[in-house]
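1. Give me coordinates for this.
(one chain, ligands or ions: 3)
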Amino acid sequence: MSPHPAQTGAVNCAADPVSDARGVLDRCDELAAVSAIEHGIERVHLSPEHARVNEMAAAWMAEIGMRTWRDQAGNQWGRLEGREPGLPALVLGSHLDTVTDAGRYDGVLGVTSAIEVARRLAPRACELPFALEVVAFSDEEGTRFSTALMGSFAVAGNWHEDWWDRADRDGTTVREAAEAFGLDPARVHEAARRREELVGYLELHIEQGPHLEAADRPLAVVTSIAGARRFTGRVVGEARHAGGTPYPKRRDALVGASEVVLAVERLAVERGGIATVGRLQAFPGGVNVVPGLVEFSLDVRAEHDEDRDALVEAIRAYAEQFCAGRGLEFELSEVHNAAGVYCDAGLVESVTAAITATGDAEPLRIWSRAGHDAMAIAAIAPVAMIFVRCEDGISHAPGENVTPADVAAGLDAFEAAVLDLAARRS
Ligand code: HGY
Ligand code: MN
Ligand code: MN
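-> Ligands and ions are numbered 1, 2, ... in the order given. Have a look, this model is predicted:
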């Protein structure tokens, strides 16, 4: 593991911000090399790759004098004390887990940038009216266990006991994976932080959408984060001979599911929401068998939870009616439900002032279509986010890209937001 290029002691090297940004991007490259798949990036919750990147982040935090620890939900933490020991903390962070065949910046840029901001501020930490903490959350994506935000929900004190029995594709449960990772499931509640321990939570993240690029801006302040609801859906028909079964006798689950997929898109567009079927499998899966069962995933989002919930009901009503007309059964069972959250007005002011200080007189305000750990942490602390432009809005794909200049602007804004908040609290 290489030291940060600017890691020459406790000196603020912001005089060359693009060099700092390159150091951050180099670290994203180092983390990208820790993957469960040979060609591409996949790092899931409680995996050996997760353990390895936690160690790397902990070493980078320790290098700048942070006290480090891993909590009982697998999140990695570091802490610099403020002007006196034991003060409530301002937490900077994001996540190190990934989707399958991921890009190298989703979550990772937020963690490496948080460590860089802590490095810049370390010499002045003893003047801050709060402790400064960095967190690398363990499970934002939910790739392994088909849920999401398990790490940050645990920190918010919102662990769900039924998560322990969720299994991954190989049948390994969360409980078994946690034990293999060296965690004690009986102690997961120790990961919870108390409201009075926290001043706030700031997260820098790539935008994962095209709005910044379209507006020709490097940064935006996030106003709210849409909460996703996710479902496992089933269309049940009857598997029969593909040649011998006349059309009037067919109950083809895949034909029904195909119409449902089209309706998901049509209804989302009509209602200004966002709904996606990302996974679909037909059973028994024979070339000469009419599909008797289709299982699929459904992810539904909107700026406001009530619009999202209405979209879910519209999809359900249409799908039930359409499937019934073809002699099919339609089922939806919910696997994830995150309430949308508004970013804290005071922290949004600090982030806005900080982006303004980078030379953007009127920072763009965006609601986040993507979910973030900040949503879970909002239950126990004020939260705010900075978005950094990413090329063509690409994310959750290997083509994720950012420029050193935009990351440099993001680092400056991230640092300035911490200092703005410190000034307001002093
Ligand atoms: O899916 C999401 O919105 C997040 O990137 N996990
Ligand atoms: Mn993601
Ligand atoms: Mn993310």
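2. For this structure, what lies in contact range of ligand 1?
-> With the criterion set to C-beta under 6 Å from any ligand atom, the chain comes near ligand 1 through 140-141, 148, 228, 370-371. The way it works is simple: take the backbone N, C-alpha and C, and place the C-beta from them, glycine included.
3. burial count for the residue nearest to Ala314 when sequence neighbours are not counted?
-> Closest residue to Ala314 apart from its sequence neighbours, by C-beta to C-beta, 6 or more residues apart in numbering: Leu267 at 5.1 Å. As a burial measure, Leu267 scores 20 neighbours (other C-beta atoms under 10 Å).
4. same thing with Ala317?
-> Count around Ala317 with other C-beta under 10 Å applied: 11.
5. So it lies in a strand, does it not?
-> No - assessed by DSSP: H, G, I helix; E, B strand; the rest coil, Ala317 does not belong to a strand; its assignment is helix.
6. Tell me who's in contact with the nearest residue to Val341 once chain neighbours are set aside.
-> Nearest in space to Val341, with sequence neighbours left out and distances taken as C-beta to C-beta, 6+ apart, is Ala378 at 4.1 Å. For Ala378, the contacting residues are 156, 201, 341, by C-beta atoms under 8 Å, 6 or more residues apart in numbering.
7. where do the strands sit along the stretch 51-200 of the chain?
-> 67-70, 76-80, 89-95, 131-137, 198-206 (DSSP state E, counting those that start in this stretch).
8. which stretches of the protein form helices?
-> Secondary structure of the chain (DSSP state H): helices at 17-32, 48-63, 108-121, 150-155, 174-180, 211-215, 253-271, 305-325, 345-357, 373-377, 404-425.
9. quick one: contacts for the nearest residue to Val222 once chain neighbours are set aside?
-> Spatial nearest neighbour of Val222, excluding adjacent residues (C-beta to C-beta, 6+ apart): Met385 at 3.8 Å. Neighbouring residues of Met385 by C-beta under 8 Å, 6+ apart: 202-205, 221-222, 225, 343, 351, 368, 372, 374.
10. For ligand 1, what's the nearest residue on the stretch 201-350 of the chain?
-> Nearest residue of the stretch 201-350 of the chain to ligand 1 (C-beta to the nearest ligand atom) works out as Ala228 at 6.0 Å.
11. Phi first, then psi, for that residue.
-> Main-chain torsions, Ala228, degrees, to the nearest 10: phi -90, psi 150.
12. that older thread, out of the contacts of Ala378, the closest to Trp60 would be?
-> Proximity of the contacts of Ala378 to Trp60 (C-beta to C-beta) peaks at Tyr201, which lies at 19.7 Å.
13. got a list of what the residue located most distally from the centre of the chain touches?
-> No residue in the chain sits farther from the centre than Gly244, which is 48.3 Å out by C-alpha atoms, centre = their mean. Contacts for Gly244 were tallied using C-beta under 8 Å, 6+ apart; there are none.
14. Ok, Leu311 next?
-> By C-beta under 8 Å, 6+ apart, the contact list for Leu311 reads 267-268, 271, 273, 275, 300, 302.
15. between those residues, which is nearest Ser152?
-> Closest to Ser152, out of all of these and judged by C-beta to C-beta, is Val300, at 20.7 Å.
16. tell me which parts of the stretch 101-250 of the chain are close to ligand 3?
-> By C-beta under 5 Å from the ion, the residues of the stretch 101-250 of the chain that approach ligand 3 are 106-107.
17. circling back to that earlier point, turn the residues of the chain next to ligand 1 into TSV, including distance to Leu132.
-> What follows is the residues of the chain next to ligand 1, written out as TSV (distance: C-beta to C-beta, whole Å):
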residue	distance to Leu132
Glu140	21
Glu141	26
Ala148	27
Ala228	30
Ala370	26
Gly371	25
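18. Need the worst-confidence member of those.
-> The member of these with the lowest pLDDT is Ala148, at 90.
19. Just give me the neighbour total for it.
-> Ala148: 26 neighbours (other C-beta under 10 Å).
20. one step back: partners of the residue nearest to Val222 in the sheet?
-> Glu203 (DSSP bridges).
21. neighbours around Asp29, how many?
-> Asp29 has 10 nearby residues by other C-beta under 10 Å.
22. Wait, it touches Arg104, no?
-> Yes - look at Asp29 against Arg104 with C-beta atoms under 8 Å: they come within range, at 6.7 Å.
23. follow-up on the earlier one: could the strands of the stretch 51-200 of the chain go into a markdown table alongside mean pLDDT?
-> Listed next are these as a markdown table, based on pLDDT from 0 to 100:
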| stretch | mean pLDDT |
| --- | --- |
| strand 67-70 | 98 |
| strand 76-80 | 98 |
| strand 89-95 | 98 |
| strand 131-137 | 99 |
| strand 198-206 | 98 |
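24. now those strands in CSV, with mean neighbour count?
-> Output for the strands of the stretch 51-200 of the chain, formatted as CSV (neighbours: other C-beta atoms under 10 Å):
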stretch, mean neighbour count
strand 67-70, 16
strand 76-80, 24
strand 89-95, 27
strand 131-137, 28
strand 198-206, 27
